[in-house]
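J.: I'd like to go over a predicted model; first the sequence, then the structure.
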Amino acid sequence: MPEDRRPGCVAEGTPEAPTDTPTCEADAGGPPIGSAHASGAGMERVGTFESLTHKDFRFFLTGALISNVGTWMQVMALGWLVYELTKSELSLGLVNFLSGLPTLFLILFAGTLADRVDRRNLLIWLQAGMMLQALAFAALTSFGTITISWVYGLTLVGGILAAFMFPAWQAMVPDLVPRRLLLNGIALNSAQFNGARLLGPMFAALVLRWFGVAEVFWVNAFTFLFVIYALWVIRPAQEIDRASADKP
């Protein structure tokens, strides 16, 4: 059999082959250079829902899911209400613009604030403020006194609250799960948000069909109670670390 002349490959059994040179068989049968072994040190398999074994994270995620479903219900109902009031596509665009505008200017300050204060308490107050906004929409719509000016003003207030909420919310996940489960916790948090975006409009359509726009706002206000309760009972690591640091 002729010798294999591939570059860097020496036939097995050749006396002059150095000990650190791979043989043809080893070169062909081994894993590619740079690949990691499945059983390598430091690699640990994490279950899909393993973060949910931690009680605080489970409360946090459940409350968030229910509240976000209500929020997406309100987004759909608000678009319906604006078009009923104005019959204007421009007004619909302006409402969306006002809801996102505060984030553009406040997000950096909001991120700094989330690092310097108790995030749990901050989120409780922000969620309470957003619940009041939903109650205002519900009451004004129920009594027939809602106007497009009220919609613009309340939407801007909601955008300001949301701008402060997003950084604090994202920063809560590392406080509720161990470091090894951080990626899993972040993935589940993203999954609940996208799941709520799917379910919210569907439930809103059912409530709009059988009841009306005002009832969607009432439902959204009610869903905030779940996330406020979840935030009230959990004890994130940030709060525990702070308490420990104050001890002599």
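T.: It's in. Residues are numbered from 1 along each chain as shown.

J.: can we go C-alpha only for contacts and neighbour counts from here?
T.: OK.

J.: what packs against the helix or strand in which Gln74 is found?
T.: Here Gln74 sits within helix 55-86, counting by DSSP states H and E. Where contact means 3 or more C-alpha pairs under 8 Å, 6 or more residues apart in numbering; DSSP states H and E, helix 55-86 is packed against helix 89-116, helix 148-176, helix 182-210, helix 213-233.

J.: pLDDT on it, on average?
T.: Across helix 55-86, pLDDT averages out at 95.

J.: let's have the chain start at 53 instead
T.: OK, 53 is where the count begins now, so the last one is helix 107-138.

J.: Can you mark which positions in that helix are buried?
T.: Across helix 107-138, burial judged by 16 or more other C-alpha atoms under 10 Å covers 108-131, 133-135.

J.: Scan the helices and strands of this protein for the one with the lowest mean pLDDT.
T.: The least trusted helix or strand in the chain, going by mean pLDDT, DSSP states H and E, turns out to be helix 76-81, with a mean of 37.

J.: how close does the nearest residue to Ala215 once chain neighbours are set aside sit to Asn246?
T.: Spatial nearest neighbour of Ala215, chain neighbours left out: Thr155 (4.5 Å); criterion: C-alpha to C-alpha, 6 or more residues apart in numbering. With distances taken as C-alpha to C-alpha, to the nearest Å, Thr155 is found 20 Å from Asn246.

J.: and what of Val134?
T.: From Val134 across to Asn246, the span is 25 Å (C-alpha to C-alpha).

J.: Leu206 too?
T.: For Leu206, the distance to Asn246 (C-alpha to C-alpha) stands at 25 Å.

J.: go on, Thr138?
T.: Using C-alpha to C-alpha, Thr138 is found at 30 Å from Asn246.

J.: same question, Gly181
T.: Distance, Gly181 to Asn246, by C-alpha to C-alpha: 23 Å.

J.: is it true that Leu158 touches Ala215?
T.: Yes. Using C-alpha atoms under 8 Å, Leu158 and Ala215 qualify as a contacting pair, with a distance of 6.3 Å.

J.: Below-threshold pLDDT in the chain: ranges please.
T.: Residues of the chain that meet the criterion pLDDT under 70 lie in 53-96, 290-300.
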